[in-house]
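Participant: Next come a sequence and a model predicted from it.
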Amino acid sequence: FFELYKRLLTSDNYVTRRQSVKFLSEFLLEAPNAQIMKRYILEVRYLNIMMGLLKDSSKNIRICSFHIFKVFVANPNKPRDIIQVLVDNHKELLKLLHALPASKGEDEQLDEERDLIIKEIEKLVRLSV
C-alpha cells in the first residue's frame with residue numbers, strides 16, 4: 001500500500017501532495033493505527049520521502065510532513081539505518097527545521113516539537129562521533 005501511496009506523496013500536483021501528506025499524517029497518528037505507524041517509521045525509504053517533503057515550497061506540506069518526520073526522530077527504538085540517514089543529513093535537516101514556519105501563537109506546540117526534534121538530531125550526531 002505505502003509503495004503505491006508514495007506516488008501520491010511525490011506527485012507534481014500540489015493538491016495531490018498536500019492532501020496525501022495530510023491524510024497520511026492524520027492516519028498514522030491515530031491511536032488505532034499505532035502498529036502500522038510503528039512499521040512505517042522503521043523504513044528508510046519513507047523517512048527519505050518525508051525529508052524530501054520538508055523541502056517543499058508549500059508551508060502546509062512542510063508542516064504536515066514534519067508531523068510524520070518527528071515520529072521517525074522521536075522513536076526511541078530507531079533502527080541503525082534510520083539513525084545513519086539522520087546523522088548523514090543532519091546539517092540540511094537542521095537548516096530545514098529552523099526554517100519551518102513559526103507558529104502564530106495558537107500552535108506553540110509546533111515550536112516546542114520542532115525544538116525537541118532539533119535537540120534529538122543534535123544528540124544523535126554527538127553520539128555518532
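Facilitator: That came through, no problem. Residues are numbered from 1 along each chain as shown.

Participant: From residue 19, how far out is the spatially most central residue of the chain?
Facilitator: Centroid check for the chain by Cα atoms, centre = their mean gives residue 69 as the closest residue, at 1.4 Å. Remark: distance between residue 69 and residue 19 (Cβ to Cβ, to the nearest Å) = 18 Å. C-betas here are computed from N, CA, C, even on glycine.

Participant: Could you do residue 36 as well?
Facilitator: 19 Å.

Participant: Residue 37 now?
Facilitator: The value you get for residue 37 to residue 19, if Cβ to Cβ is used, is 19 Å.

Participant: pLDDT of stretch 121-129, averaged?
Facilitator: Across stretch 121-129, pLDDT averages out at 92.

Participant: can you list the residues that contact that stretch?
Facilitator: By Cβ atoms under 8 Å, 6 or more residues apart in numbering, the surrounding residues in contact with stretch 121-129 are 73, 83, 86-87, 90, 93-94, 97.

Participant: and the two most separated of the residues you listed?
Facilitator: Across these, the longest distance by Cβ to Cβ is 16.8 Å; it joins 83 and 97.
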